[in-house]
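> here's my sequence, what's the structure:
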Amino acid sequence: MLTFLGLFFWFCLPGAEAQTGQKIDSARLPSVAATAREFVPPGWLIEAQTEGDLNRDSIPDLAVTLVEKMPADADKSISTGGPPERGRALLILFNTPDGRLSRAALAEKVLLCTRCGGAFFGGVETPSNVEINNGGIVIKQEYGSREVTQETLRFRYDPEPKRFVFIGVDVKSYDRLTGESLMESSNFLTSVKLTTKSKVNPKTDKEVAVSNTRQRVRFKKKFIEDVAAPYSEQEEK
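Numbers count the residues shown, from 1 in each chain. Next up, the predicted model:
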């Protein structure tokens, strides 16, 4: 029988239902425009953006995090139970030589919603960090309660299909009470998966590895639009 606290944690954990929200009609978005704001659909805002070269043409491109606008009754929701749940989407724009922006990708499932972090974030909106690093898209997110899961997802542009391919993921789950953790790092380009179990040394208060395993795994090719948050091993098959 679940306790009240257990039920609270269970309902706060992210899941498939937590990713629902108003869908973006990509057919209504421009394929080319002068500014990032022209790609933002009605009912959405730019939450954050970062720049860096993604297609190896030496011109900085944009990764734009979109978030749904606050609903009209947001003040009431905040006063009674914290900020309302809002969906997120990732918009990737290439800068063209003529100074305009070209839409390269729109991923509606890959980012956690603003309340999908679980009890770990309490009444605070769940952060979602998007970076451009070494020519690729890197997404860092976490969620949970006593057991917290940290995920780092990596994508790289493939010019042949003209899409962003899912190339790797690190998933670390750790127990905040015991200090035990499990890290699974999958490289989809080399088909290698590394698994590390760790615990905290009570004398030094530092994390030490208990075991390490390396295995070859066959991964199904996926694109950024196919990957949903939170990530699970089922995505690899």
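> please make it C-alpha for all contacts and neighbour counts, starting now.
Fine.
> so where's this protein uncertain?
Across the chain, the stretches falling below the confidence threshold (pLDDT under 70) are 1-21, 74-81, 233-237.
> again, only using 50
Of all residues in the chain, those with pLDDT under 50 make up the ranges 1-20.
> and for residue 83, the neighbour number?
Per other Cα atoms under 10 Å, the neighbour tally for residue 83 reads 18.
> scratch that, residue 32 is what I was asking about
Residues within reach of residue 32, counting by other Cα under 10 Å, total 18.
> surely residue 151 forms part of a helix?
No. With DSSP: H, G, I helix; E, B strand; the rest coil as the criterion, residue 151 is located in strand rather than a helix.
> distance of the residue in the chain sticking out farthest from the centre relative to residue 26?
Note on the chain: the largest C-alpha distance from the chain mean falls to residue 203, namely 35.0 Å (Cα atoms, centre = their mean). In this structure, residue 203 lies at 55 Å from residue 26, with Cα to Cα, to the nearest Å as the measure.
> helices of this structure, residue ranges please.
Under the criterion DSSP state H, the chain carries helices at the ranges 4-12, 74-81.
> any idea how far residue 125 is from the residue farthest from the centre of the chain?
Using Cα to Cα, residue 203 is found at 35 Å from residue 125.
> what of residue 157?
In this structure, residue 157 lies at 30 Å from residue 125, with Cα to Cα as the measure.
> so between these two, which is more surrounded?
Residue environment comparison for residue 157 versus residue 125 gives the larger neighbour count to residue 157, 22 against 18, counting by other Cα under 10 Å.
> got the contact list for the more buried one?
Residue 157 makes contacts with 54, 55, 136, 163, 164, 165, as judged by Cα atoms under 8 Å, 6 or more residues apart in numbering.
> wait, doesn't the first one sit right on residue 138?
No. Between residue 54 and residue 138 no contact is recorded; they are 11.4 Å apart, counting by Cα atoms under 8 Å.
> need the residues touching each of the two.
Among the neighbours of residue 54, those also in contact with residue 138 (Cα under 8 Å, 6+ apart) are residue 132.
> more crowded one of these two?
Here residue 54 and residue 138 are compared on neighbour count by other Cα under 10 Å; more neighbours surround residue 54, at 26 against 18.
> nearest residue to the more buried one in space, please, no chain neighbours.
If the residues on either side of it in the chain are set aside, residue 54 comes closest to residue 135, at 4.8 Å by Cα to Cα, 6 or more residues apart in numbering.
> residues in contact with the one you found?
By Cα under 8 Å, 6+ apart, the contact set of residue 135 is 52, 53, 54, 55, 56, 156.
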